[in-house]
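**Q** Fold the following.
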Amino acid sequence: MRVQRFTTGEPDALATEIREWSQESQEPIDVDPTRRVVREGGDRAVLDLTARFDSTESPPERLGVDPDAAATALATLDPDLRGAMETAAANIRAVAEGQLDQGPRSIELPQGQRVEVREVPVHAAGIYAPGGRAAYPSTVLMCCIPAKVAGVQRVALASPPGPDGRLPAAVLAAAALCAVDEIFAMGGAQAIFALADGTESVAPVDVIAGPGNRWVQEAKRAAFGTVGIDSLAGPSELMIIAGHDINPEWAALDLCAQAEHGSDGLLVLAAVEEVVLEAISGAERLAAYEAPLAVIQVDDLGDAVALANSIAPEHLQLMSEDAAALADHVRTAGCVMLGQQTATAFADYVAGSNHVLPTGGAGRFSGPLGPGTFRRRIANVSLPGRAVEALAPQVDVLARAEGLPVHGESAMARKSE
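**A** Down below sits the predicted model:
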């Protein structure tokens, strides 16, 4: 693991320094050529890119996966794995259902008009479940269940096939558990653009959600505006704030677990005691991974929380006896784990919270994926006569001030003489 010690300082400046250091070896990414190829070539272009980057041994002949394959995968799945997936699905569903608003909000205003704000689901959602290093059925559950709870009519799953041209059985089984409507064997930036713009066999969606590598995130950024996106989720990040009572072996394991995702994430360790920093950052297991680890000694744990608020890490573990008190001051992390027992791994899989979280500092303005990702608000406005009488002259004054006099005429025409 690439370990770098940083000197404590002003939180925003230190956070910028840490992020720049962690990304200094990353080459810039340009996804525009991929989008042009997919727009012009449709299915054939996506299949060619799949053969180039994913299914190098036996590329699939078509993007769509037979729904029966998912049902068969679920029926034949290892019973222990199926049980774990069903536990995760039940917990994710319970948390998602708990986030739904309870009906429309109706507001009566002084002039007599009523404004009712209601939520409706988007019609179609595209879910991206990454592949490559491993299969991620947990991501299928984390994304598809909230979409279904939100009421989305069409949920389309895209995931990169393996070298043999097939999706892993666990991914297909998770899709069956979630009652996914469509499954496509495609990955990378080309999958995002196929979902956003459409091809012969992939109908465009309204929202795209799910984590992925830098190519996937840049494609989501480029597609935003054509479609909605959940957030820029990936690569993985973890910050640990370690108290004096830390179990250093557990903390080192937690860092290694996040480093399993690859070398392009961000790991941060902050503590007051030098002996704590040495015990964790010097653990033998860390040497097996290439992810960058920033190590900071702070004057007190409050300073560590201030730094966390500037970094806005995807995951924040408060491994201290006063974790609950510290958590009250956290404003930006995607998900906060309280206490030594609460490893990020639990939230990644079965705790019920969502593991699709903002990264790259996006926690400053966005949060975990949930049903709200797939819902939008609509305002219904109704004006009885007395509201028209009171408000039309106000519209007329404002409209004329903005150089839009016909707006005023439109309102005044409803006012009785």
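
**Q** Asp101 is in contact with Pro121, isn't it?
**A** No. Asp101 is beyond contact range of Pro121, at 11.9 Å (criterion: CB atoms under 8 Å). Bear in mind the C-beta positions are built from the backbone N, C-alpha and C, glycine included.

**Q** For those two, work out which one has more neighbours and name it.
**A** Pro121 (19 against 13; other CB atoms under 10 Å).

**Q** The more buried one contacts Gly151, doesn't it?
**A** Yes. With contact defined as CB under 8 Å, Pro121 counts as touching Gly151 (3.7 Å).

**Q** Now the common contact residues for the two.
**A** Phe374, Arg375 (CB atoms under 8 Å, 6 or more residues apart in numbering).

**Q** any low-confidence regions in the stretch 301-417 of the chain?
**A** Residue ranges of the stretch 301-417 of the chain with pLDDT under 70: 417.

**Q** The stretch 1-150 of the chain now?
**A** In the stretch 1-150 of the chain (pLDDT under 70), the answer is 132-133.

**Q** Now do the strands in it.
**A** For the stretch 1-150 of the chain, applying DSSP state E, counting those that start in this stretch gives strands covering 2-6, 105-108, 114-121, 124-128.

**Q** Just list what the biggest helix by length in the chain packs against, helices and strands only.
**A** If you go by DSSP state H, the chain has its longest helix at helix 32-53. With contacts taken as 3 or more CB pairs under 8 Å, 6 or more residues apart in numbering; DSSP states H and E, helix 32-53 sits against helix 188-197, helix 214-223.

**Q** Distance from the chain centre to that helix, please.
**A** Centroid separation for helix 32-53 versus its chain: 24 Å, with CA atoms, centre = their mean, to the nearest Å.

**Q** Can you pull the domain assignment for this structure?
**A** 2-26+234-364, 32-71+122-231, 383-412 (automatic domain parsing).

**Q** Pipe those into JSON lines and attach mean neighbour count and distance to Gly83 per row.
**A** Listed next are the domains of the chain as JSON lines, based on neighbours: other CB atoms under 10 Å; distance: least, CB to CB, whole Å:
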{"stretch": "domain 2-26+234-364", "mean neighbour count": "19", "distance to Gly83": "11"}
{"stretch": "domain 32-71+122-231", "mean neighbour count": "22", "distance to Gly83": "12"}
{"stretch": "domain 383-412", "mean neighbour count": "14", "distance to Gly83": "56"}
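
**Q** Show me the one of those that comes nearest Glu108.
**A** Across these, Glu108 has its closest neighbour in domain 383-412 (10.2 Å, CB to CB).

**Q** So Arg386: helix, strand or coil?
**A** Under the three-state scheme (DSSP: H, G, I helix; E, B strand; the rest coil), Arg386 adopts helix.

**Q** So which residues of the stretch 151-300 of the chain form strands?
**A** Going by DSSP E, counting those that start in this stretch, the stretch 151-300 of the chain shows strands at 154-159, 182-185, 207-209, 228-229, 237-242, 266-271, 292-297.

**Q** ok now the first one, how far from the chain's centre?
**A** With CA atoms, centre = their mean as the basis, the distance from the averaged C-alpha position of strand 154-159 to the chain average is 15 Å.

**Q** just the last one next, same as before
**A** Offset of strand 292-297 from its chain centre (CA atoms, centre = their mean): 25 Å.

**Q** What helices and strands are in contact with that strand?
**A** Against strand 292-297 (3+ CB pairs under 8 Å, 6+ apart) you get strand 2-6, helix 11-22, strand 266-271, helix 274-281.

**Q** Switch the ones you listed over to CSV; also include distance to Ala343.
**A** As requested, the helices and strands packed on strand 292-297 are exported to CSV (distance: least, CB to CB, whole Å):
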stretch, distance to Ala343
strand 2-6, 21
helix 11-22, 22
strand 266-271, 14
helix 274-281, 14
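
**Q** Of the strands of the stretch 151-300 of the chain, which is nearest Gln217?
**A** Going by CB to CB, the one of those nearest Gln217 is strand 228-229, 9.3 Å.

**Q** Partner strands of the closest one and their direction?
**A** Take DSSP bridges as the rule and strand 228-229 pairs in its sheet with strand 207-209 (parallel).

**Q** average pLDDT for the partner strand?
**A** For strand 207-209, the mean pLDDT works out to 98.

**Q** which residues are contacting that strand?
**A** By CB under 8 Å, 6+ apart, strand 207-209 touches 122, 124-128, 143, 147, 192, 195-196, 220, 223, 227-230, 356, 369, 373-374.

**Q** go on, stretch 31-39?
**A** With CB under 8 Å, 6+ apart, stretch 31-39 has contacts from 45-46, 49, 188-190, 193-194, 197, 199, 215, 218-219, 222-223.

**Q** I'd guessed Val152 sits against Phe374; true?
**A** Yes. With contact defined as CB under 8 Å, Val152 counts as touching Phe374 (5.1 Å).

**Q** Let's have the domains of the chain in JSON lines, adding distance to Glu108.
**A** Listed next are these as JSON lines, based on distance: least, CB to CB, whole Å:
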{"stretch": "domain 2-26+234-364", "distance to Glu108": "34"}
{"stretch": "domain 32-71+122-231", "distance to Glu108": "27"}
{"stretch": "domain 383-412", "distance to Glu108": "10"}
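
**Q** Excluding residues flanking it in the chain, which one is nearest Ile192?
**A** Residue nearest to Ile192 in three dimensions, not counting chain neighbours: Ala219, with 3.7 Å by CB to CB, 6 or more residues apart in numbering.
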